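*Asks:* here's a sequence, model it:
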Amino acid sequence: MASAPEEHHQMQTPVNCDTCENTAKHLCQSCLDRLCDRCKEIHTKSKASFDHVIVLLTFESLTLSPECPSSYICKWHPKFRASIGCQKCNVPVCEKCLIGEHNGHNLIEFTQLFQYRKEKLEQKLSKVRSELPKYESELEKVRKRTREVPENTDIMKKEIDYHFESAISFLDASKQHLLKIVEEKTVANLCLLKEQENNLQTYIKNMLEYIDNIQNEDLQERISFILSGVCSTDDIIPERCPSFSSPRILTYVKGCLQKSLIHKISGDIFESHINTKLLKKEAIHVIKTVHLNQGQILSLCFDSGLYWVYASNENTFKKHNEEGVCVDEIQVQLKQCINRPFCVVENEGVHAIYRNDTQKLCILKESQQKLFINFAPLGIACFCLTTDGDILVGLAHSKENIFGIARYSMCGERKQFITQIMRRWTLEPLLLGEWFRAYIVENINGDICLSVETNLSKVVNVIRPNGDHRFTYEGKGTSLYQPFLPRGICTNVLGHILIADENNHGIHVLDKDGGFLTMLTIPGEPHAIPITLCIDHQNNLCIGCADGKIRILKYLD
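*Replies:* This is a model prediction of the structure:
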């Protein structure tokens with residue numbers, strides 16, 4: 001064994017032995033193994049390494065050591081050293097490997113293998129270095145958000161506490177006001193009743209005295225009353241018994257405690273979408289495709305990882321999982337109808353609302369199908385759920401050829417008749433003719449967005465909650481190779497309005513004020529025709545297509 005003079009500058013940080021877990025104190029300059037005292041003795045006595053040069057492990061010895069070792073501990077046989085390379089597998093191998101899985105492979109020198117693998121790794125070094133700042137930047141963002149989340153949580157809790165304290169204070173003031181009214185009315189009613197009681201007691205007293213006088217057993221007193229008493233009883237007894245108007249018993253009419261109203265008062269927690277934006281065209285991609293093997297998808301609604309669908313060759317609403325398997329269905333009478341709206345609700349025990357026939361909306365409540373509203377003689381064109389838990393319904397009168405939008409509560413009560421659609425919002429009613437197709441959705445700012453096709457027009461109309469017209473979109477924001485044919489419509493967390501265009505195989509994206517932003521198409525599938533749209537819980541766009549497939553599109557960053 002050859003030994004070199006030992007250096008005196010020990011390593012400041014302990015280094016583990018490459019053979020065992022003890023602290024390394026020596027360095028083999030031949031194979032670059034770091035060794036503890038025990039492993040050094042074994043290394044010097046081994047036939048394969050008895051002539052290796054071993055020095056004291058110091059910073060200098062590590063720095064001055066040759067880059068390529070003469071051998072390396074075998075990855076698969078730790079008791080053997082790999083001193084040659086397998087050219088086919090590009091890995092160092094030991095003598096045991098050569099009679100095993102590497103038997104018959106071409107071999108190369110260990111230094112040649114080392115140099116080949118080093119060059120391969122160095123080729124990727126520039127890319128790793130260029131990518132490193134991006135990852136460091138993302139790491140800093142994560143650390144920054146890690147600091148922001150607890151701070152934001154404290155702020156949110158304080159805001160919630162303050163809001164509920166204000167609400168409770170407001171309710172308590174209202175409670176005290178009602179209690180005060182009860183107290184005041186009670187005092188007033190008791191005073192009135194006391195006065196009536198006193199009057200009645202006076203009448204009764206006079207009447208009893210009258211009876212006693214005229215039936216007095218003392219003859220002289222009775223004769224005196226008869227001869228000198230007042231014969232008229234008007235001062236004693238009224239002409240008829242007074243019927244006092246008794247104060248009514250107070251009744252408390254309880255206020256509305258519907259979940260939707262409580263939710264509106266309480267507020268809600270949402271993830272901020274300040275930094276959310278549309279992806280660049282090249283980054284938009286289909287996450288998955290659900291194959292239903294049915295006709296055109298005319299109605300689509302997302303339901304907690306499942307999809308309610310009405311296909312053109314069916315007479316049922318069917319719920320499918322992500323594999324396209326039907327897990328539930330609802331029989332309806334819509335075969336001859338163009339519009340087949342469906343809406344998931346999750347409110348007051350109601351899971352969903354759907355159109356059962358031309359004039360009836362039904363609900364799915366506790367797995368039971370029940371009639372919700374019968375709109376006869378009006379027909380149902382479309383409907384959607386609002387953020388307040390109400391329902392917007394598009395209604396048509398076939399004989400008068402008019403179309404209007406009404407707002408209903410979840411109790412089935414009409415709260416507002418908003419408007420009737422006008423041609424370009426003039427006073428002339430829009431004549432619907434023999435058929436029409438309509439889709440409706442509420443935007444995050446309360447606007448009502450209506451995609452409608454009739455024999456007279458093919459447009460998207462947007463109106464305010466009170467029915468005032470905001471704007472009409474006719475597909476002129478971009479160059480189209482076919483006439484604009486709007487179908488399904490939905491809105492996203494940014495207030496964007498998304499409209500399926502059947503003729504142009506794309507989806508128009510508008511801002512909340514009607515400005516054209518972009519035209520989405522399904523990547524790699526130029527002939528896929530979008531028919532109906534909805535948004536899932538991850539803000540992805542779910543597209544029901546004419547080929548019976550649902551495509552889930554990632555389009556937001």
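*Asks:* which helix or strand lies directly C-terminal to the one helix or strand in the chain whose mean pLDDT sits lowest?
*Replies:* Least confident element among the helices and strands of the chain, by mean pLDDT, DSSP states H and E: strand 2-3 (a mean of 47). Going down the chain from strand 2-3, the next helix or strand is strand 26-28, by DSSP states H and E.
*Asks:* strand partners (parallel or antiparallel) of that following strand?
*Replies:* Its sheet considered, strand 26-28 pairs with strand 34-35 (antiparallel), strand 53-56 (antiparallel) by DSSP bridges.
*Asks:* if you average pLDDT over it, what comes out?
*Replies:* Strand 26-28 shows a mean pLDDT of 86.
*Asks:* what does stretch 317-328 rub up against?
*Replies:* Defining contact as Cβ atoms under 8 Å, 6 or more residues apart in numbering, one finds that stretch 317-328 is touched by 288, 290-293, 299, 303, 305-311, 329-330, 332, 340, 342, 354, 550. Backbone N, C-alpha and C define where each C-beta goes, glycine included.
*Asks:* just the buried members of these?
*Replies:* Using 16 or more other Cβ atoms under 10 Å as the burial test, the contacts of stretch 317-328 include 290, 292, 299, 303, 306-311, 330, 332, 340, 342, 354, 550 as buried.
*Asks:* and those, which two are furthest apart?
*Replies:* Spanning the widest gap among the buried ones among the contacts of stretch 317-328 are 290 and 332, at 21.6 Å by Cβ to Cβ.
*Asks:* would you tell me which helix is longest in this protein?
*Replies:* When the chain is parsed with DSSP state H, its longest helix is helix 125-214.
*Asks:* can you spell out which helices and strands pack onto it?
*Replies:* Contacts defined by 3 or more Cβ pairs under 8 Å, 6 or more residues apart in numbering; DSSP states H and E place helix 125-214 against helix 219-228, helix 259-266.
*Asks:* which parts of the stretch 401-550 of the chain are strands?
*Replies:* For the stretch 401-550 of the chain, the strands defined by DSSP state E, counting those that start in this stretch occupy 402-408, 414-420, 436-442, 448-454, 458-463, 469-473, 486-491, 497-501, 506-510, 516-520, 530-535, 541-545, 549-554.
*Asks:* those: which one's closest to residue 80?
*Replies:* Going by Cβ to Cβ, the one of these nearest residue 80 is strand 549-554, 50.6 Å.
*Asks:* packing partners for the closest one?
*Replies:* strand 285-291, strand 297-303, strand 541-545.
*Asks:* and the shortest one, what's its mean pLDDT?
*Replies:* Strand 541-545 shows an average pLDDT of 95 in the prediction.
*Asks:* now stretch 123-138, how far from the centre of its chain.
*Replies:* Computed by Cα atoms, centre = their mean, to the nearest Å, the chain-centroid distance of stretch 123-138 equals 35 Å.
*Asks:* can I get that stretch in CSV, CA atoms only?
*Replies:* In CSV, the C-alpha atoms belonging to stretch 123-138 read as follows (Å, rounded to 0.1, in the frame of the first residue of the first chain):
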residue,chain,number,x,y,z
GLN,A,123,-24.9,19.5,-22.2
LYS,A,124,-27.9,20.0,-20.0
LEU,A,125,-26.1,22.3,-17.6
SER,A,126,-26.9,25.5,-19.6
LYS,A,127,-30.6,24.6,-19.7
VAL,A,128,-30.6,23.9,-15.9
ARG,A,129,-28.9,27.2,-15.2
SER,A,130,-31.3,29.1,-17.4
GLU,A,131,-34.3,27.4,-15.8
LEU,A,132,-33.0,27.8,-12.2
PRO,A,133,-34.0,31.5,-11.8
LYS,A,134,-37.6,30.7,-12.8
TYR,A,135,-37.8,28.0,-10.1
GLU,A,136,-36.1,30.3,-7.6
SER,A,137,-38.6,33.0,-8.5
GLU,A,138,-41.5,30.6,-8.1
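*Asks:* now do it, average pLDDT.
*Replies:* Mean predicted confidence for stretch 123-138 is 89.
*Asks:* done for today, thanks.
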